[in-house]
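Student: The amino acid sequence is not available; the structure is as follows:
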């Protein structure tokens, strides 16, 4: 990894912090991005914050990989988890052009497996942030599921974008990693409430590794997908969830 430069959003805590630490230990340069305690301070829930992130990173020169890990939270869910993530990846993509091994990874979630409102998904696919956020704001049921909707929309975007000339055609693998419940500050609202924790664990069991998982387990997968050894994996949504997705969906994809 020596000589490679990685942009890591959400670098101040959780999976982002674990990923940044692993990359630095391997000799990479990391440009951490977060709301605070980072080389680049920006708020991805706003268009101005997204532009600021791209401008600050661009001022530092060429990069080799973009790891769009920032997300979670209980507010601004559509804005940060979908529109902010896509803006980060698309905005920084031109800076990857000079890398001998450009890579990009987004972080999704097993919450993407929940039912999602088709109107919101369509607005996301159209890049219509105003409509998507207005629909969510107007419906309490959608507000409760906005995180999962945003991550499902992100999965769909990765699948659409990855094989295009702008990504695969430019030699840039683009993938998503979908963690299960991991012990991070963003998951504290689940883990700190015994009733919520039991309900979530029952709804999405993680038979391998237990509940919750560890941030570094996800970070190592992101590390490989974003590294120079990944020559052939793109357009994939890889569930790093202790088997939750397999337990919930079984073999329905292959029947």
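Tutor: Everything's here; your move. Predicted model, so just to flag it, every value in this text is computed and none were measured.
Student: Tell me where the stretch 51-200 of the chain has strands.
Tutor: Ranges of strands in the stretch 51-200 of the chain, per DSSP state E, counting those that start in this stretch, are 65-68, 103-107, 174-179.
Student: Pick the most buried one from those strands.
Tutor: strand 65-68 (a mean of 29; mean count of other C-beta atoms under 10 Å). Backbone N, C-alpha and C define where each C-beta goes, glycine included.
Student: Can you list the low-confidence ranges for the stretch 101-250 of the chain?
Tutor: Under the criterion pLDDT under 70, no range of the stretch 101-250 of the chain is flagged.
Student: 90 - rerun?
Tutor: 186, 189 (pLDDT under 90).
Student: Same list, the strands of the stretch 51-200 of the chain, but as TSV with distance to residue 22 please.
Tutor: Output for those, formatted as TSV (distance: least, C-beta to C-beta, whole Å):
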stretch	distance to residue 22
strand 65-68	11
strand 103-107	13
strand 174-179	14
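Student: who wins for proximity to residue 26 among the ones you listed?
Tutor: Closest to residue 26 of the strands of the stretch 51-200 of the chain, according to C-beta to C-beta: strand 65-68, at 12.4 Å.
Student: what pLDDT does residue 73 get?
Tutor: According to the prediction, residue 73 has pLDDT 65.
Student: Which helix runs longest in the protein?
Tutor: Taking DSSP state H as the criterion, the chain has its longest helix at helix 140-161.
Student: tell me which strands and helices that one is in contact with?
Tutor: helix 77-78, helix 85-92, helix 118-125, helix 129-138, strand 174-179, strand 237-240 (3 or more C-beta pairs under 8 Å, 6 or more residues apart in numbering; DSSP states H and E).
Student: Tell me what the residue nearest the centre of the chain is bridged to.
Tutor: The residue lying closest to the centre of the chain (C-alpha atoms, centre = their mean) is residue 107, at 2.0 Å. Counting by DSSP bridges, residue 107 is bridged to residue 177.
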